[in-house]
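Visitor: Pasting the sequence and the predicted coordinates here, then a few questions.
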Amino acid sequence: MKTNLIKRRDYNRVLITETLPFETPIIFSNDGLYDLLSTIDTADEVLKVAVCAIVFGTDLPKQVNSTEPYLYKVKKNSHEFRRLALLHPSSQWRLRCFYEKYEHLILHYCSVSPASIRTPRRIAGSFYSKSSWENINQYKNGAVTTTTLDKYVKYTPSYFAYEGHDRLYKFFNSRDYFALEKQFSVLTTLDVSKCFDSIYTHSLSWAVKDKSFTKANVAISSTFAQEFDEIIRHGNHKLVIVK
């Protein structure tokens, strides 16, 4: 069986994998931004200046502390729409750098809960083995890389390889769910998408550290949780969402 090396340690691919193509406007693609940043070293000086200002946020007469996302709606069902937001390229770049700096810590924190039915388990692999499955993720969709398929596929649709059920319906059809159904007589569900607009990003520091510790060290901004909070607010006009 032949094994091939592919470039999966390319951090710029965060710009493609973490901006879901099927949830963005049909005329939009992040592929151009990825291609531009991948070849920026050989670009002409005018283009470099523009990229430094718009994406990297450098060489500006005044520091830009926040950006506003592009808001749009997608069809949810025959009666409703779902509002989504596309981050400014500058905020997307900050997230890309956050992944590079904290990829292993993200994996650690996501492994703590025993209740997760889908969780990132490792960074998508650097090798794949040639097989009939290698082109499964050739075309963009809403899928993620799973730990079981990661070593067989050539194209990775997500930055991390996930363990568990990549689709909710698969969980409801799994042995795990049937075992829980036998164990418990009552099922309570919550649509977490209703909570997204009410997430208080400051509270991440309280969760991974301690609320009193965080408040006592609020001036320290170089921690995982504090940097995540800053990036999210940078992409949302510096707003702190509380409802």
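Guide: Perfect, thanks for sending it.
Visitor: Grab the nearest non-local neighbour of the residue sitting nearest the centre point of the chain.
Guide: Nearest to the geometric centre of the chain sits E18, at 4.3 Å (C-alpha atoms, centre = their mean). Excluding the flanking residues, the one nearest E18 by C-beta to C-beta, 6 or more residues apart in numbering is Y159, at 6.3 Å. Bear in mind the C-beta positions are built from the backbone N, C-alpha and C, glycine included.
Visitor: Next, the contact list for the one you found, please.
Guide: If a contact means C-beta atoms under 8 Å, 6 or more residues apart in numbering, then Y159 has 13-14, 17-18, 99, 103, 123-124 as its contacts.
Visitor: and this protein, what are its domains?
Guide: Listed domain ranges for the chain are 3-189, 190-243 (source: automatic domain parsing).
Visitor: Mean pLDDT for the ones you listed - can I get that in CSV?
Guide: Formatted as CSV, the domains of the chain follow (pLDDT from 0 to 100):
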stretch, mean pLDDT
domain 3-189, 79
domain 190-243, 79
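Visitor: Mind listing residues that contact the helix with the most length in the chain?
Guide: Ordering each helix of the chain by length in residues (DSSP state H) puts helix 89-110 first. With contact meaning C-beta under 8 Å, 6+ apart, helix 89-110 is reached by 11-12, 14-15, 18-19, 30, 33, 37, 54-57, 64, 67, 69, 87, 116, 119-123, 159-160, 208, 224, 227-228, 231, 234-235.
Visitor: try 7 Å this time
Guide: Helix 89-110 is touched from outside by 11-12, 14-15, 18, 33, 54-57, 67, 119-120, 122-123, 159, 208, 224, 227-228, 231, 234-235, with contacts defined as C-beta atoms under 7 Å, 6 or more residues apart in numbering.
Visitor: just stretch 205-224 next, same as before
Guide: Here stretch 205-224 makes contact (C-beta under 7 Å, 6+ apart) with 102, 105, 109, 225-227, 229-230.
Visitor: Tell me which two in those are the farthest apart.
Guide: Y109 and E230 (17.1 Å; C-beta to C-beta).
Visitor: show me the contacts for the nearest residue to K76 once chain neighbours are set aside.
Guide: Nearest non-adjacent residue to K76, counting by C-beta to C-beta, 6+ apart: R82, 4.4 Å away. R82 sits next to 73-74, 76 when contact means C-beta under 7 Å, 6+ apart.
Visitor: For the residues you listed, please prepare JSON lines with the additional fields distance to S91, neighbour count and secondary structure.
Guide: Shown next, in JSON lines, are the contacts of R82 (distance: C-beta to C-beta, whole Å; neighbours: other C-beta atoms under 10 Å; DSSP: H, G, I helix; E, B strand; the rest coil):
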{"residue": "K73", "distance to S91": "20", "neighbour count": "10", "secondary structure": "strand"}
{"residue": "V74", "distance to S91": "20", "neighbour count": "12", "secondary structure": "strand"}
{"residue": "K76", "distance to S91": "25", "neighbour count": "11", "secondary structure": "coil"}
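Visitor: and these as JSON lines, adding distance to V186?
Guide: Shown next, in JSON lines, are these (distance: C-beta to C-beta, whole Å):
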{"residue": "K73", "distance to V186": "35"}
{"residue": "V74", "distance to V186": "33"}
{"residue": "K76", "distance to V186": "28"}
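Visitor: who wins for neighbours among the contacts of Y159?
Guide: If you count neighbours using other C-beta atoms under 10 Å, the busiest of the contacts of Y159 is A124, which has 25 neighbours.
Visitor: so how far is E103 from that one?
Guide: 11 Å (C-beta to C-beta, to the nearest Å).
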